[in-house]
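Peer 1: Sequence first, then the predicted structure, then my questions.
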Amino acid sequence: MPMYDFRCEECGETFSELRRSGDDKDVPCQHCGSTRTKKLISSFATRTAKTGSSCAPAGGG
């Protein structure tokens, strides 16, 4: 399940929530409980290997 960012229209709080794709119904604000929230457009994070890192086990061999 993807993580989505939301902003509350009542208190202005921004929060993230793990939701199923397309499941935007009644996302309550984690701060005030209001359901007047909007999904924000956000970028996604990727994880890449560091250059020059070694996969050899520690301790030599």
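Peer 2: Received the coordinates, thanks.
Peer 1: Report the contact partners of Pro2.
Peer 2: Contacts here follow Cβ atoms under 8 Å, 6 or more residues apart in numbering; on that basis Pro2 touches 18-19, 21. Placement of C-beta: from N, CA and C, glycine included.
Peer 1: What subset of the residues you listed is buried?
Peer 2: Buried members of the contacts of Pro2, scored by 16 or more other Cβ atoms under 10 Å, are Arg19.
Peer 1: among the contacts of Pro2, which are in strands?
Peer 2: Counted as lying in strands by DSSP state E, out of those, are Leu18.
Peer 1: Just give me the closest of the contacts of Pro2 to Arg47.
Peer 2: Using Cβ to Cβ, Leu18 comes nearest to Arg47 of the contacts of Pro2, at 17.8 Å.
Peer 1: Please list all residues in contact with that closest one.
Peer 2: 1-4.
Peer 1: Emit the PyMOL select command for whichever of the residues you listed are buried.
Peer 2: For the buried members of the contacts of Leu18, the matching PyMOL selection, counting by 16+ other Cβ under 10 Å, is:
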select buried, resi 4
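Peer 1: Kindly reformat the contacts of Leu18 as JSON lines and extend each row with distance to Arg36, pLDDT and secondary structure.
Peer 2: Shown next, in JSON lines, are those (distance: Cβ to Cβ, whole Å; pLDDT from 0 to 100; DSSP: H, G, I helix; E, B strand; the rest coil):
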{"residue": "Met1", "distance to Arg36": "23", "pLDDT": "76", "secondary structure": "coil"}
{"residue": "Pro2", "distance to Arg36": "22", "pLDDT": "83", "secondary structure": "coil"}
{"residue": "Met3", "distance to Arg36": "21", "pLDDT": "87", "secondary structure": "strand"}
{"residue": "Tyr4", "distance to Arg36": "16", "pLDDT": "89", "secondary structure": "strand"}
